[in-house]
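S.K.: mind looking at a prediction? Sequence and model below.
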Amino acid sequence: MSEEPSPVLRADGLVGGYVEGVDILNGCSLDANEGEIVVVIGPNGAGKSTLIKAMFGLITPREGRVLFRGTDITGMPPHRITRLGMSYVPQVENIFPSLTIQENLEMGASQGRAELAPRMERMFEMFPILLERRRHRADGLSGGERQMLAVARALMAEPSVLLLDEPSAGLAPRAVAEVFQTVQRVNANGVTIVMIEQNARDALAIADRGFVLESGQNRFTGPGRDLLNDPKVAELYLGGATT
Amino acid sequence: MDELLQTTINGLASGSIYALGAVGLSLVYAILKLVNFAHGDFMTLGGYAAFVVNVTWGLPLVVSVLGALVVVAALGLLTEAAIWRPMRERGAGVMQLLLLSLGFSFVLRNLILFAWGGETRTLRVDNTSSYDLGIVRISLLQVIVIVVSAVAMVAVALLLRRTYVGKSMRALSDSFALAEVSGINTRRVVTYTWILGGGLAGLAGFLATIFTVLTPQTGWVLLLGIFAAIILGGIGDPFGALVGGLTLGLVQEWSTMVFAPTYKEAVGFAILILALLFRPNGLLGHATRTG
Ligand SMILES: Nc1ncnc2c1ncn2[C@@H]1O[C@H](COP(=O)(O)OP(=O)(O)OP(=O)(O)O)[C@@H](O)[C@H]1O
Ligand SMILES: [Mg+2]
């Protein structure tokens, strides 16, 4: 609490996109300190997913750089970033549908297969539902269970930083609450979280800090509570006055 | 009854060759989204590789199998490095890759024709022995084809189900993008896919050669049946391709009890059309939960 926070992940002035000539990111930045939950919100098409992809080596920005614990990882291939200790749960297509639950987890540990068994053990402890279904195909899971599996798969790499792209999208309210509890539990184990969310209020409520993105640029930044209570943020991005 | 058993044995043998070819083609498609029209000619090359080892060099048949496996796996890797990977990196879609493979299949077939001529070739193999099992006869060649295919299929199934490489191949086939972000070294998996797919093509080519005769057209002619087997079994599912290949072989042979053998091909495609009408996801078609 009283310690000076140190940035584990930092994106600095990223500019770039998917095709030449069309920049989706227009100089946006983000940083996450050890042990924080950082939430990114913003309207559809703001470039939130693109920012995360740029931080995970899926697109190489034209300008700016990404630092992970001081190492420049801009454009580094994802499997090497995973080895450094960062994992990513995409917004869509985040499980292997025809693989079993257990195989999905195994794929997540690709960069640390020597420790497969104990890691899987830990995941089953954390998500008992996955243990029950471990030999079943993943496409038989419900929406909420799929998100659990997606998170568990990412944790199998034992990351110190976890990037989550809208983990609660499309879920029923109860499942949404469960996802946020999971995120907090993972964070309590010492994993730094960077999470994009549409359920902005609930997400900011558990966030240490929040970033509001629009048109590929930072609009507001600050502690989660402050953003929640900021009337401007509330009006523009949280759908009305604060409660 | 005798006739049914006899045609079943014949069908299992010819179906095994379809199945081996289909599983290899299906794996490559599932993982790389490449419909490789040159797969039949890969098989043909396997046949000629075996021919060189067994006849030109005079080495034993068993060694010639290895020759077929190694040469075709190497060709797979070579085409990956020279054609498919560069094309994918330039953003080529399924259609462009398909047409490219079609073009490559003509090139390869003509190179084979140029190198070995058009005459039919055979390996030094005993093609007259057969065993009388009372009600049916099974030839030594049929035994070889069925046993070798069965062993190869079990090996592939174990590889895909039990080993990390096999599971990661299935993961790539589900989602290349997620495989990449999961930390899987996708490039290495693609390399193994070509070794496996090419090796299976080589083996299928070898078996087709000893079972029939070898010409530069051998694999190309089999390719139609192989595509039928894949569609029958469910596109992109290696296990389905196995079932599809065996089914096709069996139905074609069974049909000879009713129609003249010259209608075999037509019967095969009639089955294919029926399957597309009634089981469009393949015989093993998996109903998946979506959304
Ligand atoms: N693969 C892609 N190729 C080209 N353009 C893309 C691609 N993915 C996204 N875009 C474009 O980039 C822009 C930003 O998309 P992005 O997915 O980053 O937004 P987002 O903030 O995550 O939105 P959402 O809340 O809808 O998930 C959009 O205009 C989108 O059309
Ligand atoms: Mg998004």
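M.R.: All right, it came through fine. Ligands and ions are numbered 1, 2, ... in the order given.
S.K.: so what pLDDT did the closest residue to residue A:84 other than its chain neighbours get?
M.R.: Closest residue in space to residue A:84, ignoring its immediate chain neighbours: residue A:68 at 5.8 Å, by Cβ to Cβ, 6 or more residues apart in numbering or on different chains. C-beta: built from backbone N, CA, C; applies to glycine. As predicted, residue A:68 sits at a pLDDT of 97.
S.K.: against residue A:130, how distant is residue A:68?
M.R.: According to Cβ to Cβ, to the nearest Å, residue A:68 and residue A:130 sit 28 Å apart.
S.K.: return the residues of chain A in contact with chain B.
M.R.: Selection of chain A residues close to chain B by Cβ under 8 Å from any Cβ of the partner chain yields A:56, A:58, A:77-79, A:82-83, A:87-88, A:90, A:93-99, A:103, A:106-111, A:113, A:139-140, A:143, A:153-154, A:157.
S.K.: in strands, which of these fall?
M.R.: Within the residues of chain A next to chain B, residues falling in strands by DSSP state E are A:87, A:88.
S.K.: are any of the residues of chain A next to chain B buried, and which?
M.R.: A:56, A:58, A:77-79, A:82, A:87-88, A:90, A:94-99, A:103, A:106-111, A:139, A:153-154, A:157 (16 or more other Cβ atoms under 10 Å in any protein chain shown).
S.K.: check contacts around the residue of chain B found nearest chain A.
M.R.: Closest contact between chain B and chain A, by Cβ to the nearest Cβ, is at residue B:183 (3.4 Å). Residues counted as contacts of residue B:183 (Cβ atoms under 8 Å, 6 or more residues apart in numbering or on different chains) are A:78, A:79, A:82, A:83, A:87, A:108, A:109, A:110, A:111, A:157.
S.K.: widest-spaced pair of those?
M.R.: A:78 and A:109 (14.8 Å; Cβ to Cβ).
S.K.: quick revisit: nearest to chain B among the contacts of residue B:183?
M.R.: Looking across these and measuring by Cβ to the nearest Cβ, the closest to chain B is residue A:82, at 3.4 Å.
S.K.: how much space between the closest one and ligand 1?
M.R.: 21 Å (Cβ to the nearest ligand atom, to the nearest Å).
S.K.: do I have it right that that residue meets residue B:182?
M.R.: Yes. Counting by Cβ atoms under 8 Å, residue A:82 does reach residue B:182; the two are 7.5 Å apart.
S.K.: shared neighbours, the two?
M.R.: With Cβ under 8 Å, 6+ apart, residue A:82 and residue B:182 have common neighbours A:110, A:157.
S.K.: the helices in chain B, which residues?
M.R.: Using DSSP state H, the helices of chain B run over residues B:2-32, B:39-51, B:61-79, B:85-89, B:94-116, B:140-162, B:164-174, B:176-181, B:186-211, B:218-233, B:238-255, B:264-278.
S.K.: ignore what I typed, I meant chain A.
M.R.: Listed in chain order, the helices of chain A (DSSP H) span A:48-55, A:78-84, A:101-108, A:116-126, A:128-132, A:143-155, A:173-188, A:200-206, A:224-229, A:231-237.
S.K.: same list (these) but as TSV, adding mean pLDDT.
M.R.: Converted to TSV, the helices of chain A look like this (pLDDT from 0 to 100):
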stretch	mean pLDDT
helix A:48-55	97
helix A:78-84	93
helix A:101-108	96
helix A:116-126	95
helix A:128-132	94
helix A:143-155	95
helix A:173-188	94
helix A:200-206	92
helix A:224-229	87
helix A:231-237	81
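S.K.: looking at those helices, which is nearest to residue B:254?
M.R.: helix A:101-108 (37.5 Å).
S.K.: the closest one packs against which elements?
M.R.: Secondary-structure packing of helix A:101-108 (3 or more Cβ pairs under 8 Å, 6 or more residues apart in numbering or on different chains; DSSP states H and E): helix A:116-126, helix A:143-155, helix B:164-174.
S.K.: in CSV, list the C-alpha atoms belonging to it.
M.R.: Extracted in CSV, the C-alpha atoms of helix A:101-108 (Å, rounded to 0.1, in the frame of the first residue of the first chain):
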residue,chain,number,x,y,z
ILE,A,101,-11.2,-28.7,-21.0
GLN,A,102,-8.0,-30.4,-19.9
GLU,A,103,-6.5,-30.1,-23.4
ASN,A,104,-7.4,-26.4,-23.4
LEU,A,105,-5.5,-25.9,-20.2
GLU,A,106,-2.6,-27.9,-21.5
MET,A,107,-2.3,-25.6,-24.6
GLY,A,108,-2.1,-22.7,-22.2
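S.K.: can you list contacts of it?
M.R.: A:87, A:95-96, A:99, A:113, A:116, A:119-120, A:123, A:130, A:133-136, A:138, A:141, A:149, A:152-157, B:164, B:167-168, B:170-171, B:179, B:182-184.
S.K.: give the burial count for the residue lying closest to residue B:173 once chain neighbours are set aside, as a bare number.
M.R.: Leaving aside its chain neighbours, residue B:173 sits nearest to residue B:30 (3.8 Å; criterion: Cβ to Cβ, 6+ apart). Burial of residue B:30 is recorded as 22 neighbouring residues (other Cβ atoms under 10 Å in any protein chain shown).
S.K.: likewise residue B:119?
M.R.: 9.
S.K.: now the nearest residue to residue B:183 once chain neighbours are set aside: how far from residue A:123?
M.R.: Distances taken as Cβ to Cβ, 6+ apart put residue A:82 closest to residue B:183, at 3.4 Å, once the chain neighbours are dropped. As judged by Cβ to Cβ, residue A:82 and residue A:123 stand 16 Å apart.
S.K.: in the stretch 51-200 of chain B, what residue comes closest to ligand 1?
M.R.: Nearest to ligand 1 in the stretch 51-200 of chain B, going by Cβ to the nearest ligand atom, is residue B:177, at a distance of 10.0 Å.
S.K.: hang on, residue A:83 packs against residue A:109?
M.R.: No. If you go by Cβ under 8 Å, residue A:83 and residue A:109 don't touch, sitting 11.5 Å apart.
S.K.: residue contacts, the residue nearest to the residue of the stretch 51-200 of chain B closest to ligand 1 when sequence neighbours are not counted?
M.R.: Nearest residue to residue B:177, sequence neighbours excluded (Cβ to Cβ, 6+ apart): residue A:93, at 6.3 Å. Residues counted as contacts of residue A:93 (Cβ under 8 Å, 6+ apart) are B:175, B:177, B:178.
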